[in-house]
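Engineer: Coordinates for the following, if possible.
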Amino acid sequence: MAAAPRDAFWCIGQFALEEARRVWQEGDLAGMPHPDGIARRFDDFVQRYAETPGCQVLLECLDAAAQRGLDREELLYELVDGATGDNYPTPERMLPYVERVLAHYLSEEICGGRVQPADLQLFATEGATAAMCYVFDSLAANELLSPGAKVAVMVPTFPPYVEIPALDRYRFDVIEIRATGRNPGGEPTWKYPPDELRKVADPSVQALFLVHPSNPPSVALSHETRETLVDIVRRHNPDLMMITDDVYGTFVEGFRSLAAELPENTLLVYSLSKHFGVTGWRLGVVALHRQNVFDKRLQRLPAQARARLGARYRILSREPDGLPFIDRMVADSRQVALNHTAGLSAPQQVQMALFALYALTDRGQRYKAQVRAICHRRMARLYQALGVEMPHIPLWTEYYTEVDVVALARRRYGDKFVEYLQAQYEPVDILFRLAESSGIVLLNGGGFHAPAWSVRVSLANLPDDAYDTVLRFMDKCPLLASCFYDP
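Structural biologist: The predicted structure is shown next:
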């Protein structure tokens, strides 16, 4: 986990409490921080606590913001007031400077600088999990996707992107776009063939959901795949709504989101959980270009549907028909009537901003190289323990890998044994034996709509030496079955 931006959070918190007590101190009661003169008092604080962990990081974060045109003093006050958590987040969707900070982060780290930060409107959410729930809910509530609507999902993928559309509330007609590409040696590359991508050329396909880079193959779309998809959407399905979950983007050198290629079509979901190790903080964001097909499709709904939606949002605006989709998501997240209490808590937003600013510093770039190196080292160790060459997959994050158990068994014992193994055992049997013998829990690839006889291994969640154990056991599992095999 990223320690330095957490240090910066506790540092700004200490200054925030000094500011609160400066305004009013009566026993344990303090006042609300005030912006007048805050920059001067912060400079004094820095002089007193220059050696405190986080103080230097905080200064570097503020410098990174100033270099991007943000007012240092106003940002400082927003962080101070937010750290105390003494107010509802205002605006509800996202604190103004935190939104601008995250827009710069997404532009530089996720969109390759191809989208202007000013063109992005953001909604801070309780992790990508909440973002997913809000997206599905608002698409349904706003009649952009009605029961039976045809949607496409790029697989393998994070299971909820397949499971949620099947719920009674949605009942979407799901078309799977499969990453069936293989190299000349027959090993999967997890690329999407053009024939699979052409499924979204059908204008009746109203939405496309993808995790990018994928989960669990952990591979980003190639330049050719992105170009093909862009061409298909622009020529055949220009109103396609695309929802991309780019949580693993920072693990790929030169990553570029589809939000950079088709900004008007793409709603971007991002979580800070993986890159910074902050699953417990619940820090996520939804990003939408100011000019987008979601808003355009709202304006093209039939008059009766627009009237129904106008009644739904009438307490928010005198002209509810013009309410943007992203603001409707905020309201929907609190059943509309509680819109005034919507939004991610202010202290969470402060920590989010510090993570993002830290990532934009030289220190944060070194951290990014470090976490990538950890994944690479563990991946190499994993395949070394297996005794096979590590795959060379372009645009591979190395955050996860899929181990093909059938290929392993075939290499060790031949085709006839593979037939026996598949006839006598279930794919999950290996996982249960691994858990019982070692206490290590892995997941079956079939649950992610990957090959059933594959095993998903995370390179982020275990100590280095655990990967030796995993592969040694998986190497022996077919041997255990072979004890009962009579050729």
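Engineer: Remind me which helix or strand Ile243 belongs to.
Structural biologist: Per DSSP states H and E, Ile243 falls inside strand 241-245.
Engineer: gap between Ile440 and Trp190?
Structural biologist: For Ile440, the distance to Trp190 equals 24 Å [Cβ to Cβ, to the nearest Å]. In short, each C-beta sits where N, CA and C put it, glycine included.
Engineer: The lengthiest helix in the chain - what's its average pLDDT?
Structural biologist: Ranked by residue count under DSSP state H, the longest helix found in the chain is helix 362-386. For helix 362-386, mean pLDDT rounds to 91.
Engineer: So which bits of that helix are buried?
Structural biologist: The neighbour-count check on helix 362-386 (16 or more other Cβ atoms under 10 Å) flags 363-364, 367-368, 371-372, 375-376, 378-379, 381-383, 385-386 as buried.
Engineer: Tell me the strands beside the following helix or strand past that helix, with direction?
Structural biologist: Where DSSP H and E defines the elements, the next helix or strand beyond helix 362-386 is strand 400-404. Strand pairing for strand 400-404, determined by DSSP bridges: strand 454-458 (antiparallel).
Engineer: and the partner strand, average pLDDT?
Structural biologist: 85.
Engineer: Now do the contacts for the most centrally placed residue in the chain.
Structural biologist: The centre of the chain sits closest to Val247, judged by Cα atoms, centre = their mean, with a distance of 2.6 Å. Applying Cβ atoms under 8 Å, 6 or more residues apart in numbering, we find Val247 in contact with Ala128, Val211, Val269, Tyr270, Ser271, Ser273, Lys274.
Engineer: picking that back up, pick out whichever of Ile440 and Trp190 has more residues nearby.
Structural biologist: Trp190 (26 against 16; other Cβ atoms under 10 Å).
Engineer: one step back: give the other helices and strands that the following helix or strand past the strand holding Ile243 contacts.
Structural biologist: Using DSSP H and E, the next helix or strand after strand 241-245 towards the C-terminus is helix 258-261. Contacts defined by 3 or more Cβ pairs under 8 Å, 6 or more residues apart in numbering; DSSP states H and E place helix 258-261 against helix 223-236, strand 241-245, strand 266-271.
Engineer: of those, which approaches Ala118 most closely?
Structural biologist: With Cβ to Cβ, the closest approach to Ala118 among these belongs to strand 266-271: 15.6 Å.
Engineer: is it true that Ala124 touches Ala346?
Structural biologist: No - counting by Cβ atoms under 8 Å, Ala124 does not reach Ala346; the two are 9.7 Å apart.
Engineer: List the residues that are in contact with both of these two.
Structural biologist: Here Ala124 and Ala346 have Pro89, Leu95 as joint contacts, going by Cβ under 8 Å, 6+ apart.
Engineer: who has more neighbours, the two?
Structural biologist: Set side by side, Ala124 and Ala346 show more neighbours around Ala124, with 27 against 23, by other Cβ under 10 Å.
Engineer: So the more buried one: helix, strand or coil?
Structural biologist: Put simply, Ala124 is strand when judged by DSSP: H, G, I helix; E, B strand; the rest coil.
Engineer: Kindly state the beta-bridge partners for it.
Structural biologist: Val285.
Engineer: Tell me how far it lies from Ser107.
Structural biologist: 16 Å.
Engineer: likewise Arg256?
Structural biologist: Per Cβ to Cβ, Arg256 is found 11 Å from Ser107.
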